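Asker: Output the structure for:
(3 chains)
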Amino acid sequence: MAAEPVNDAPWRLLDDVRLGEGVVIHSFTSLYGCSIGDETRVGAFVEIQRGAAIGARCKISSHSFVCEGVTIEDEVFVGHGVVFINDRHPRATTEAGAPKGKDDWVLERTHVGRGASIGSGATILGGVTIGPRALVGAGAVVTRDVPAGEVAVGNPARLLPREAHRPTAPLPSS
Amino acid sequence: MAAEPVNDAPWRLLDDVRLGEGVVIHSFTSLYGCSIGDETRVGAFVEIQRGAAIGARCKISSHSFVCEGVTIEDEVFVGHGVVFINDRHPRATTEAGAPKGKDDWVLERTHVGRGASIGSGATILGGVTIGPRALVGAGAVVTRDVPAGEVAVGNPARLLPREAHRPTAPLPSS
Amino acid sequence: MAAEPVNDAPWRLLDDVRLGEGVVIHSFTSLYGCSIGDETRVGAFVEIQRGAAIGARCKISSHSFVCEGVTIEDEVFVGHGVVFINDRHPRATTEAGAPKGKDDWVLERTHVGRGASIGSGATILGGVTIGPRALVGAGAVVTRDVPAGEVAVGNPARLLPREAHRPTAPLPSS
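Answerer: Below is the predicted model:
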């Protein structure tokens, strides 16, 4: 396992990150306490938190936030400006008014299956499972599970009927 | 009042910022001409503009933008990728085609009450008041006021009926 | 044509960028292989990709992403946290499981006409044309063309009826 990403971009924070072979991490990124699989690419302005696990051959595009409790399998596309969430009841402080600490909330875990794609601008609530090869549309707000191979769009996200799915590869020109 | 944030992260721009005691400001941030209350935490990739005022014990999460004209009271949670707006008629240039200057638009002020929470990915239009302990759902686009203690979700945001509110604290395990 | 932006902010990546006169580019930005017209201003945390072309007197606000294949005419306002898209079928890998390369996808071009405004938090799908002086509302997800002078809001974005348009300039006080 390579100790360093293969590129050499300036202005990155990499603290206690377990990196696979051939990982590319761009500038203006903050990764800490997470693992990144082989050949995965991480864009600019990305934060990946402690406890997040990202598989091999993924693309985590610019401006995205991957929080603690998120597991992303291999070959997943995460678009630009995607936000994951792990707290169903976010508050700045406890009921007593003290800043919340690590024991003052419940982590809700999110799982993204192999080969899924999450469109740019999507927001993924905590506790959600996105199945293998599922597709989350751009700008969708995902509040419930998306089964394998399904397509979810809108706010809140709804599954598209199967006949409305766009093909997963471009049609050949006629 | 402490002159410097308590942590010592690299790559920050702090220009003419009034900081309370125990403020934590992460890397890759740009704050200028604003005030930040005691023990407030500011995540990576955050910009806070001149004239914005943020209270004590708040959390301003990564990738958020707080513009001029926004006042945030104490103990407010601002999620990741939240965008505030202060201009109802944004244009790059005046009708005459010159780049807009500071006298070419009308500032619309936004107020967020004590203990409110704004979910990740939310967009808050200018001129809006979000009441104390109100909750803005993840990905909501808030175009009108949210009264104290209410929950607003969707695009455009609508108030949830009271019986649909999620509890503000996790239920005890049974 | 000036070789350097007029300001001198730290922590910027400018690689093979064609800059007009009087361009202002803030810190924490990554621009490569693109062109930026005279007097255009680019905010913090912005990435502009190779092959993007931005006109004169535009404002590209903080946290926005402008991808390859996007052409923005003069005097366009792009709000904060706006994401453009150029791939209708985003996947991390080819069907064979290899990371996608430059020949493994179809670029869909987007065109934004002169004087248009794109509200903060909007997501613009690939292959879309936004006409001159059109207005995209904050948080909108634009999946189809927006004709000149029209206003599109929502997810997915719909055109507002003409009588519902907000005026493009503030009403005089009465």
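Asker: Please make it C-alpha for all contacts and neighbour counts, starting now.
Answerer: Will do.
Asker: quick one: stretch A:110-122 near chain C?
Answerer: Yes. Part of stretch A:110-122 sits near chain C under the criterion CA under 8 Å from any CA of the partner chain, namely A:115, A:116, A:117, A:119, A:120, A:121.
Asker: how long is that stretch end to end?
Answerer: 14 Å (CA to CA, to the nearest Å).
Asker: What are the buried residues along that stretch?
Answerer: By neighbour count with 16 or more other CA atoms under 10 Å in any protein chain shown, stretch A:110-122 contains the buried residues A:110-122.
Asker: So which of the residues you listed reach chain B?
Answerer: Applying CA under 8 Å from any CA to the buried residues of stretch A:110-122, one finds that nothing falls near chain B.
Asker: Adding pLDDT and secondary structure as columns, could you present those in TSV?
Answerer: Below are the buried residues of stretch A:110-122 laid out as TSV (pLDDT from 0 to 100; DSSP: H, G, I helix; E, B strand; the rest coil):
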residue	pLDDT	secondary structure
A:110	98	strand
A:111	98	strand
A:112	98	strand
A:113	98	coil
A:114	98	coil
A:115	97	coil
A:116	98	coil
A:117	98	strand
A:118	98	strand
A:119	98	coil
A:120	98	coil
A:121	98	coil
A:122	98	coil
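Asker: could those residues go into TSV alongside distance to residue C:54?
Answerer: Output for those, formatted as TSV (distance: CA to CA, whole Å):
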residue	distance to residue C:54
A:110	38
A:111	38
A:112	35
A:113	37
A:114	37
A:115	34
A:116	32
A:117	29
A:118	27
A:119	24
A:120	21
A:121	22
A:122	25
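Asker: hmm, stretch A:66-85 in reach of chain C?
Answerer: Yes. Applying CA under 8 Å from any CA, one finds stretch A:66-85 in contact with chain C at A:75, A:76, A:77, A:80, A:81.
Asker: Which members of the buried residues of stretch A:110-122 define the maximum pairwise distance?
Answerer: Largest separation among the buried residues of stretch A:110-122 by CA to CA: A:114 and A:121, giving 20.2 Å.
Asker: got any ranges where chain A has weak pLDDT?
Answerer: The model of chain A has pLDDT under 70 over residues A:1-6, A:166-174.
Asker: what's the spacing between the residue in chain A positioned nearest to chain C and residue A:30?
Answerer: Closest residue of chain A to chain C, CA to the nearest CA: residue A:77 (4.5 Å). In this view, residue A:77 and residue A:30 are 19 Å apart by CA to CA.
Asker: Of the two, give the one with the bigger neighbour count.
Answerer: residue A:77 (28 against 24; other CA atoms under 10 Å in any protein chain shown).
Asker: Touching stretch A:129-137 from outside, list them.
Answerer: A:110-120, A:122, A:142, A:144-154 (CA atoms under 8 Å, 6 or more residues apart in numbering or on different chains).
Asker: mind redoing it with 6 Å?
Answerer: A:110-119, A:145-153 (CA atoms under 6 Å, 6 or more residues apart in numbering or on different chains).
Asker: residue of chain A with the smallest distance to chain B?
Answerer: The nearest approach of chain A to chain B comes at residue A:92, 4.5 Å away (CA to the nearest CA).
Asker: which residues does the closest residue to that residue other than its chain neighbours bridge with?
Answerer: Closest residue to residue A:92 apart from its sequence neighbours, by CA to CA, 6 or more residues apart in numbering or on different chains: residue B:77 at 4.5 Å. Beta-bridge partners for residue B:77, by DSSP bridges, are residue B:59, residue B:117.
Asker: And for residue A:53?
Answerer: residue A:35, residue A:71.
Asker: try residue A:159
Answerer: Under the criterion used (DSSP bridges), residue A:159 bridges to residue A:152.
Asker: And it, how close does it get to residue C:105?
Answerer: 25 Å.
Asker: and if you look at residue A:46?
Answerer: 23 Å.
Asker: At the geometric centre of chain A, which residue do we find?
Answerer: The residue lying closest to the centre of chain A (CA atoms, centre = their mean) is residue A:66, at 4.9 Å.
Asker: List the contacts of it.
Answerer: Per CA under 6 Å, 6+ apart, neighbours of residue A:66: A:48, A:84.
Asker: Enumerate the residues of chain A near chain C.
Answerer: Residues of chain A found near chain C (CA under 6 Å from any CA of the partner chain) are A:57, A:58, A:59, A:75, A:76, A:77, A:117, A:154, A:168.
Asker: Provide a ChimeraX selection command restricted to the buried entries of those residues.
Answerer: Typed into ChimeraX, the next command selects the buried ones out of those (criterion: 16+ other CA under 10 Å):
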select /A:57,58,59,75,76,77,117,154
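Asker: Nearest to residue C:7 among the residues of chain A next to chain C?
Answerer: Distance to residue C:7 across these (CA to CA) is lowest for residue A:59, with 33.2 Å.
Asker: Who are the contact partners of that closest one?
Answerer: Counting by CA under 6 Å, 6+ apart, residue A:59 has contacts A:40, A:41, A:77, A:78, C:92.
Asker: Most neighbours of all these, which one?
Answerer: So for these (other CA under 10 Å), the most neighbours sit at residue A:78, 30 neighbours.
Asker: and that residue, what does it touch?
Answerer: A:59, A:60, A:61, A:118.
Asker: would TSV of these with distance to residue C:20 be doable?
Answerer: Shown next, in TSV, are the contacts of residue A:78 (distance: CA to CA, whole Å):
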residue	distance to residue C:20
A:59	33
A:60	32
A:61	28
A:118	36
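Asker: I'd like to know which of those is nearest to residue C:51.
Answerer: When the contacts of residue A:78 are compared against residue C:51 (criterion: CA to CA), the nearest one is residue A:61, at 17.6 Å.
Asker: Am I right that that closest one is in contact with residue A:80?
Answerer: Yes. The criterion here is CA atoms under 6 Å, and residue A:61 meets it with residue A:80 at 4.7 Å.
Asker: For the two, work out which one has more neighbours and name it.
Answerer: residue A:80 (30 against 22).
Asker: tell me which element the more buried one is part of?
Answerer: For residue A:80, there is no host helix or strand (DSSP states H and E).
Asker: I'd guessed it sits against residue A:122; true?
Answerer: No. Using CA under 6 Å, residue A:80 makes no contact with residue A:122, being 8.5 Å away.
Asker: who touches residue A:87 in this structure?
Answerer: Per CA under 6 Å, 6+ apart, neighbours of residue A:87: residue A:107.
Asker: mind running it again at 8 Å?
Answerer: A:105, A:106, A:107, A:108, A:126.
Asker: what does residue A:121 give?
Answerer: A:79, A:80, A:81, A:82, A:83, A:138, A:139, A:140, C:83, C:123.
Asker: Hmm, residue A:47 and the fourth one touching each other?
Answerer: Pointing back at residue A:82 there. No. In this structure, residue A:82 is not within contact of residue A:47 by CA atoms under 8 Å, at 10.8 Å.
Asker: okay, and the common contacts of those two?
Answerer: Shared contacts of residue A:82 and residue A:47, counting by CA under 8 Å, 6+ apart, come down to A:63, A:64, A:65.
Asker: For chain A, what lies in contact range of chain B?
Answerer: Counting by CA under 8 Å from any CA, chain A sits next to chain B at A:11, A:28, A:30, A:45, A:47, A:63, A:65, A:81, A:83, A:85, A:89-93, A:97-99, A:106, A:123, A:125, A:141, A:155-156.
Asker: Narrow those to those that are buried.
Answerer: A:11, A:28, A:30, A:45, A:47, A:63, A:65, A:81, A:83, A:85, A:89-93, A:99, A:123, A:125, A:141, A:155-156.
Asker: For residue A:51, grab phi and psi.
Answerer: Main-chain dihedrals, residue A:51, degrees, to the nearest 10: phi 90, psi -10.
Asker: mind listing what the nearest residue to it once chain neighbours are set aside touches?
Answerer: Leaving aside its sequence neighbours, residue A:51 sits nearest to residue A:68 (CA to CA, 6+ apart; 4.8 Å). Taking CA under 8 Å, 6+ apart, we find residue A:68 in contact with A:48, A:49, A:50, A:51, A:52, A:86, A:109.
Asker: helix/strand/coil for residue A:68?
Answerer: Of the three states, residue A:68 takes coil under DSSP: H, G, I helix; E, B strand; the rest coil.
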